[in-house]
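[1] Need coordinates for the below:
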Amino acid sequence: MAIVELAAAQKSAPSTTPVEYSPPHPWQVQPWARLVRTLWRHRAYTRWVDRYCTSLDVCGLPHVEALAGPAIFTPNHQSHMDTLVLHEAVPDHIRRRLYFGAAADRWYVKGKRKLILQPWYQSLVLGNFPIVRGGGSKTLDYARWLLRQGKCVCIFPEGTRATGESLGRFRHGVSILAIEEQVPIVPVYLSGLQAIRPKGARDYTPGAAGVEFLAPLTFDRAMDVEDATRRLWTAMNARHVAELMRTGEAARAA
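    Below is the predicted model of the structure:
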């Protein structure tokens with residue numbers, strides 16, 4: 001069972017037992033766990049990008065190649081393919097210490113039978129950690145811990161996959177982390193993935209995908225959280241509007 005089949009695997013018969021979520025697994029940063037992820041990279045990530053992305057255009061690498069310390073990557077959220085593609089696009093020195101925030105109510109539910117739906121598998125093989133939707137500041141504690149270990153985290157500020165053309169409203173979590181921990185935010189614009197597998201779809205339509213790393217944003221401790229979130233959204237939305245204009249012109253030309 002592959003990561004791209006996770007959503008289908010979750011369509012199992014409803015259970016009458018109370019839902020229980022797994023906490024994060026700090027052991028995932030240990031050298032042995034990182035080695036396991038390296039060995040499983042092709043099976044868990046690379047082969048699916050190769051299969052469904054007919055091309056992968058990566059831009060803006062100079063913005064991240066010099067990052068030596070902790071950082072927060074904040075992509076727009078289009079598809080279950082997002083983490084796969086971003087994982088393949090980042091430089092090796094970041095990939096080795098990059099961890100992905102995953103919705104606890106989807107990926108960290110205890111009692112699932114499928115191997116890839118086991119919380120320990122999510123943490124070990126995929127490098128994920130749980131985020132409780134609506135859990136407030138406390139749900140960011142593990143991400144804070146990772147940043148303090150010198151790691152990078154990836155959190156989708158929209159919180160859920162897009163269903164339309166507009167960029168969604170951004171949550172404040174990433175701004176809170178960036179201000180409190182004084183680490184840069186790297187906005188990442190993903191394109192093409194919504195067409196490959198949109199929200200709600202079970203099948204994949206192979207197509208071209210793109211990853212663009214935008215200029216990192218830094219906020220001093222005096223920055224208001226809402227203002228920081230607005231700056232991040234504005235930077236991402238400017239790129240999003242440019243993409244809509246580009247694809248619109250291409251469609252009209254065709």
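[2] From now on I want contacts and neighbour counts done on CA atoms only, so please keep to that.
    Noted.
[3] Next, count neighbours for Glu165.
    10 (other CA atoms under 10 Å).
[4] tell me the contacts of it?
    Leu244 (CA atoms under 8 Å, 6 or more residues apart in numbering).
[5] Now it: phi and psi?
    Phi and psi for Glu165, reported as degrees, to the nearest 10, are phi -90, psi -20.
[6] and the helix or strand where Tyr99 lies, how far out from the chain's middle?
    Using DSSP states H and E, Tyr99 falls within strand 98-103. What separates the centre of strand 98-103 from the centre of its chain is 6 Å, taken as CA atoms, centre = their mean, to the nearest Å.
[7] who does it touch, helix- and strand-wise?
    Applying 3 or more CA pairs under 8 Å, 6 or more residues apart in numbering; DSSP states H and E, we find strand 98-103 packed against strand 128-131, strand 152-154.
[8] Could I get the buried residue list for the helix or strand just after that strand?
    Next helix or strand after strand 98-103 toward the C-terminus (DSSP H and E): helix 104-107. For helix 104-107, a neighbour-count test (16 or more other CA atoms under 10 Å) marks 104-105, 107 as buried.
[9] The residues you listed into CSV, with extra columns for pLDDT and distance to Glu212?
    Putting the buried residues of helix 104-107 into CSV (pLDDT from 0 to 100; distance: CA to CA, whole Å) gives the following:
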residue, pLDDT, distance to Glu212
Ala104, 88, 27
Asp105, 84, 29
Trp107, 88, 26
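[10] before we move on, the earlier item: do you know which of the helices and strands packed on strand 98-103 lies nearest Asp57?
    strand 152-154 (19.6 Å; CA to CA).
[11] for the closest one, the distance to its chain's centre please.
    Its chain's C-alpha centre and that of strand 152-154 lie 8 Å apart, by CA atoms, centre = their mean.
[12] Quick check: which helices or strands does the helix or strand following it pack against?
    Next helix or strand after strand 152-154 toward the C-terminus (DSSP H and E): helix 173-181. Using 3+ CA pairs under 8 Å, 6+ apart as the contact test, the elements touching helix 173-181 are strand 72-75, helix 141-148, helix 225-253.
[13] and among the ones you listed, the most buried is which?
    Mean neighbour count (mean count of other CA atoms under 10 Å) peaks for strand 72-75 among those, with a mean of 24.
[14] Run through the stretch 151-254 of the chain and note the low-pLDDT ranges.
    Along the stretch 151-254 of the chain, the parts satisfying pLDDT under 70 run over 162, 249-254.
[15] and the closest residue to Trp107 other than its chain neighbours, how many neighbours does it have?
    In space, and not counting its chain neighbours, Trp107 is closest to Leu117: 6.4 Å by CA to CA, 6 or more residues apart in numbering. Leu117 has 22 neighbours, counted by other CA under 10 Å.
[16] is it true that Leu117 touches Ala104?
    No: look at Leu117 against Ala104 with CA atoms under 8 Å: they stay out of range, at 11.3 Å.
[17] so the strand holding Tyr99 versus helix 141-148, what angle?
    Using axes from the mean of the first three to the mean of the last three CA atoms, to 10 degrees, the inter-axis angle of strand 98-103 relative to helix 141-148 is 170 degrees.
[18] What pairs with strand 98-103, parallel or antiparallel?
    Sheet pairing for strand 98-103, assigned by DSSP bridges, gives strand 128-131 (parallel), strand 152-154 (parallel).
[19] most packed of those?
    Most buried among these, given mean count of other CA under 10 Å as the contact rule, is strand 128-131, at a mean of 27.
[20] about what we covered before: could the strands paired with strand 98-103 go into TSV alongside distance to Leu232?
    Formatted as TSV, the strands paired with strand 98-103 follow (distance: least, CA to CA, whole Å):
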stretch	distance to Leu232
strand 128-131	20
strand 152-154	14
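[21] Any idea which of the ones you listed gets closest to Val174?
    Val174 sits nearest to strand 152-154 of all the strands paired with strand 98-103, at 9.3 Å, using CA to CA.
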